[in-house]
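Trainee: This is a predicted model, with the sequence first.
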Amino acid sequence: MLDLLIAAALAQALVNQATVAPDPADRCYAADGPDRRPGCLPWRLMVRDSEGAVFVDPASVRRRGNLLEVSMRAVYLHSENGTRSHVARARFDCVRRTSAILHLVLFDADGRRLDAFTVTGPPSQPRAVEPRAPGHYIIAAYCPRRN
């Protein structure tokens, strides 16, 4: 009986040591997207510049008082440490004109997920939104107009 337990423990150890296959590429998150394929989110272009483009998923927009939360996607023209795009959940304060990143998912050029994490520390703290920065266009599009 003890031999069976040892054999089962060894077999489980070998299974735990097996290399996990990387996430498959997802064309919806490939750097040459986002595209309008069935199953892909209908990302709305907010701004394009010399570094890349930023999109928002209009269905993800949630308002609570002065606060606005959106899912946004950035696609970079050039890879940075293998990352060509990311999807972030961000919070904007429409009155204070600040933004904070809450959650981030990184993708390579083929749309393969590289990493995902909840943002903590200083990057998760509200920061002023600069004129002509992506957040500026998101606030202009989704926050109530001030008189």
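Mentor: Structure received. Numbering: from 1, shown residues only.

Trainee: all helices for the protein, in order.
Mentor: Along the chain, counting by DSSP state H, helices occupy 2-17, 134-142.

Trainee: ranking those helices by mean pLDDT, which is last?
Mentor: Of all the helices of the chain, the minimum mean pLDDT falls on helix 2-17 (a mean of 35).

Trainee: Show me the shaky parts of this protein.
Mentor: For the chain, the stretches flagged by pLDDT under 70 are 1-23, 33-37, 123, 146-147.

Trainee: Strands of that one, start to end?
Mentor: In chain order, the chain shows strands spanning 44-49, 52-56, 62-64, 67-80, 83-93, 98-107, 113-118, 127-128, with DSSP state E as the criterion.

Trainee: Now mean neighbour count and distance to A30 too, for these, in a markdown table please.
Mentor: C-beta coordinates here come from the backbone N, C-alpha and C atoms, glycine included. Shown next, in a markdown table, are the strands of the chain (neighbours: other Cβ atoms under 10 Å; distance: least, Cβ to Cβ, whole Å):
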| stretch | mean neighbour count | distance to A30 |
| --- | --- | --- |
| strand 44-49 | 15 | 16 |
| strand 52-56 | 20 | 13 |
| strand 62-64 | 12 | 27 |
| strand 67-80 | 17 | 9 |
| strand 83-93 | 20 | 8 |
| strand 98-107 | 18 | 8 |
| strand 113-118 | 12 | 12 |
| strand 127-128 | 12 | 29 |
